[in-house]
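S.K.: have a look; sequence and predicted model below, questions after that.
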Number of protein chains: 2
Amino acid sequence: MKLCILFFFLFSNILFAQLSEKKLDNYKNQADRIIRSALVEQKAYGWLKEVCEIGPRLSGSEKSLKAIRYAEDKMKQLDFDKVWLQPVMVPHWERGEVEEAFVVDGIDKGKQLHIASLGSSVATNEESVTAGVIEVKDFDELKLRSSEVKGKIVLFNRPIDAGLVNTFSGYGGAVNQRGFGAIQAARFGAVAVLIRSVTTKMDDNVPHVGSMYYADSIPKIPSAAIGSLDADFLSDAIRNDISLKVSIKFNCRTLPDIQSYNVIGEITGSEYPKEVIVVGGHYDSWDKGDGAHDDASGCLQSMEVLDLLKRLDIKPRRTIRCVFFINEENGVRGGRAYGTYADTIKEKHIAAIESDRGAFTPRGFYVGADSLKILKIQSWLPVLKKSLIDWVEKGGGGVDISFIKNAEAQIGYVPDAQRYMDVHHSANDTFESVHPREMELGSAAITILAYLLSEEGF
Amino acid sequence: MKLCILFFFLFSNILFAQLSEKKLDNYKNQADRIIRSALVEQKAYGWLKEVCEIGPRLSGSEKSLKAIRYAEDKMKQLDFDKVWLQPVMVPHWERGEVEEAFVVDGIDKGKQLHIASLGSSVATNEESVTAGVIEVKDFDELKLRSSEVKGKIVLFNRPIDAGLVNTFSGYGGAVNQRGFGAIQAARFGAVAVLIRSVTTKMDDNVPHVGSMYYADSIPKIPSAAIGSLDADFLSDAIRNDISLKVSIKFNCRTLPDIQSYNVIGEITGSEYPKEVIVVGGHYDSWDKGDGAHDDASGCLQSMEVLDLLKRLDIKPRRTIRCVFFINEENGVRGGRAYGTYADTIKEKHIAAIESDRGAFTPRGFYVGADSLKILKIQSWLPVLKKSLIDWVEKGGGGVDISFIKNAEAQIGYVPDAQRYMDVHHSANDTFESVHPREMELGSAAITILAYLLSEEGF
């Protein structure tokens, strides 16, 4: 009998959260309409082409401001109920005109290496940095060999662990070299660092850039990403000739902070206008490629959430607001600014959904919320599955929405991750690398979830 | 109390099928090893490169025989317990050296159209077929306009319905034009048919070929696929100029049936050698592109199932046999031949798993079996999920394994389908269109399922 009560308890919880058959059918019908419209009209994909034609959107750059004006204009054309820019001061780092590295001596003398300075890096002092190279796999090895580091260029050469299914885990296991390599190497007297590109694509030579950090008390040394094949080459070359020297030269610079903006649009809720569901991505990108997957696509999917509801004449009960966060890549100032805004206004943030994992085929949603809310969203799986969302699990939502502290649920859209790190932060993250159906199914999946949240609340 | 009994009944069924925690942990560990080895060593992907370098593998062609020898040699090198060729007589249709189409008159006079004769089509008689064009969307429209068809080339121009999530459903809704268009059009006196390429990629002009059929009592007219953009062009052109003529010429031919082979290898079961799990794909392809996704990848994944177990020193209790079926595309003679063999030998086919939906990221398995067997496989999801298998559902296994009538379960491996029809049966189905991690996760998923079937049986 105890077991029986346990069963009842389990089932009543599940039943409690479940939709009536009539509601479920209605939501399924709406989901079908949303999916069909996304796949056939491919509007977000069309906007992506236009945004990518503007060029990369590094925070503070001319092109980022042009893209911001494009987004504001487009949201107005789409006739959202409100469209506004939220001012945000952002860091302003620029890549220089000169960026080169080559082998100075030995049998490979003159060989050019594919490098790209990392975001926030200082330039090489004077003409260039010319020095011998020491290769290490991690900070432990660096420490063990600290006596050899002085005056050298440190090559951090640990690839992503290809054996992991989740490429984000692989990335997480390798990216500390890029973020903190310069600090660690400078502590032992290194003159510069080269960081193996943090990528799953090991058979090309495209540098993958990204952010890096300095510590005030430690000398700031130049820091650059190097293509995977050149990292392999250099590893072999210094094994064969321990005295081999490499020369590095680049003239990137950090300028004073500059005015930028989050771009925000909303459809005001018909019943609960002060209850808000945020959908968003980050609009800034690195300056290689177009930042198509990372993360123009997430922004444009979010904009399409609102447009899909409008073009299908679906009027949400709660407010659905898309936010194009600025400066996720090197400062997260846009996310912080929206978080501050959310703290102060008289609105209730029901949920925030972030799309910042590429425009690939849908798989699931991570939900940061209490268990009953997760259970409730899981009960919507029969509707979500139509857009290829196979699971809803407890997990993190995303960097930008993490600042919306009053949100009852922070939700991360999770597309398939196998190809993302191939292009991430590199010149290969272009419009051409995005598949229209994969991107549009993402739009549809996020729209369906936002719509269900709007209608059902928690 | 009745409800309580019902709950007990439901749960006991589920519990009955579930693995002990110890077993589950062991299988999860083995799954981790299998996945890591597949992703890091990428052996199937390496073999795919070699097979694609041989070229397309149309049944009966020289290159198909070369690829068969490659596979037999490779299985022997991999030291499978048994390797053999099963002789199969296959149809022998060849594309000709000449294949062209152009506009004869009007403002677009001389414009070349991208066409490719369909498999089994007859050649154009004499020099060429020159005629006016009538466009229809389906057989109903053809019938309604039957009086206009005589002496014309019929353009069947119904695209895949882009609004469907499942591209196989979209394909299924459009492919009857290709299969039966020539029969239907010839009934009303058409002189040839052009079939809009059955593809989700509507912004290129690559013809997508495939099989087509004739009826003995109806004249055999030439039948070719036309690129999507040229189908759109022709549709516009004849709307503007109803008298516009097109000239078509190609000299494909059907030769006598020719000797070919299924390639078969196995690891003999350590405890139940006469209980067999088949894993397979089809080795023949169309003659455009390399047939990388369709279906060299399925075969090489199947070969890697055996190799993964061998290289990880996992000895299956039951026999696991990979079969490279020949002639799936235009005859299914290989599938039939293996089915006949399976009917007559003194073995029990526990299950057959087919991979013939492209080398994309894993999603699930369709299982054709009774409900309890499906439930049992579903209970293995905690293990299968490691390789990104999110679901196991009732469904069809595949064409080739459908002839293994005594198999207790016919299982179809289901990768993501969004990109498959872009390349399917076209010159774009090349090695370069396959992503190594996506393909290798497929190898791993199939290996894990085959291994569980081998250890647990039904």
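M.R.: It's in.
S.K.: OK, contacts around whatever residue of the stretch 101-250 of chain A ends up closest to chain B?
M.R.: Proximity of the stretch 101-250 of chain A to chain B (CB to the nearest CB) peaks at A:Gly163, 3.8 Å away. Yep, even glycine has a C-beta here, placed from its N, CA and C like the rest. Residues near A:Gly163 by CB atoms under 8 Å, 6 or more residues apart in numbering or on different chains: B:35-37, B:39-40.
S.K.: assign a three-state SS to the residue most central in space within chain A, would you?
M.R.: Among the residues of chain A, the one closest to the centroid is A:Asp356, at 4.2 Å (CA atoms, centre = their mean). Here A:Asp356 is coil, with the state taken from DSSP: H, G, I helix; E, B strand; the rest coil.
S.K.: wait, doesn't it sit right on A:Ser402?
M.R.: No. Using CB atoms under 8 Å, A:Asp356 is not in contact with A:Ser402, being 11.3 Å away.
S.K.: how far away is A:Val133 from A:Lys150?
M.R.: 13 Å (CB to CB, to the nearest Å).
S.K.: who touches A:Thr430 in this structure?
M.R.: Counting by CB under 8 Å, 6+ apart, A:Thr430 has contacts A:52, A:289-290, A:292, A:423.
S.K.: if we can go back for a sec, ok, the contacts of A:Gly163 vs chain A, which is closest?
M.R.: Of those, the one sitting nearest to chain A (CB to the nearest CB) turns out to be B:Arg36, at 3.8 Å.
S.K.: contacts for whichever strand or helix holds the closest one, please.
M.R.: Following DSSP states H and E, one finds B:Arg36 within helix B:21-41. For helix B:21-41, contacts defined as CB under 8 Å, 6+ apart pick out A:162-165, B:19, B:44, B:304, B:308, B:311-312, B:314, B:380, B:382-384, B:386-387, B:437, B:440-441, B:443-444, B:447-448, B:451-452, B:455.
S.K.: and these, which of them are buried?
M.R.: Buried members of the contacts of helix B:21-41, scored by 16 or more other CB atoms under 10 Å in any protein chain shown, are A:162, A:164-165, B:19, B:44, B:304, B:308, B:314, B:380, B:383-384, B:386-387, B:437, B:440-441, B:443-444, B:447-448, B:451-452, B:455.
S.K.: what about the residue nearest to A:Arg196 when sequence neighbours are not counted, how many neighbours?
M.R.: Using CB to CB, 6 or more residues apart in numbering or on different chains and skipping the chain neighbours, the partner closest in space to A:Arg196 is A:Ala231 (4.1 Å). By other CB atoms under 10 Å in any protein chain shown, 25 other residues sit near A:Ala231.
S.K.: right, and A:Ala231 touches A:Ser197 too?
M.R.: Yes. Between A:Ala231 and A:Ser197 there is a contact under CB under 8 Å: 7.2 Å.
S.K.: mean confidence (pLDDT) on stretch A:274-285, please.
M.R.: Stretch A:274-285 carries an average pLDDT of 98.
S.K.: tell me the buried residues in it?
M.R.: Those would be A:275-285, for stretch A:274-285 by 16+ other CB under 10 Å.
S.K.: near chain B, list only the ones from the residues you listed.
M.R.: For chain B, no contacts are drawn from these by CB under 8 Å from any CB of the partner chain.
S.K.: helices of chain A, residue ranges please.
M.R.: Using DSSP state H, the helices of chain A run over residues A:2-17, A:21-41, A:43-54, A:62-77, A:139-144, A:167-172, A:176-187, A:228-240, A:297-311, A:333-344, A:371-378, A:381-384, A:420-423, A:436-456.
S.K.: helices and strands around the fourth one, which ones?
M.R.: With contacts defined as 3 or more CB pairs under 8 Å, 6 or more residues apart in numbering or on different chains; DSSP states H and E, helix A:62-77 has these neighbours: helix A:43-54, strand A:82-94, strand A:253-267, helix A:297-311, strand A:318-325.
S.K.: would CSV of those with distance to chain B and mean pLDDT be doable?
M.R.: Supplementary listing: those in CSV, determined by distance: least, CB to the nearest CB, whole Å; pLDDT from 0 to 100:
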stretch, distance to chain B, mean pLDDT
helix A:43-54, 11, 98
strand A:82-94, 29, 98
strand A:253-267, 23, 98
helix A:297-311, 13, 98
strand A:318-325, 23, 98
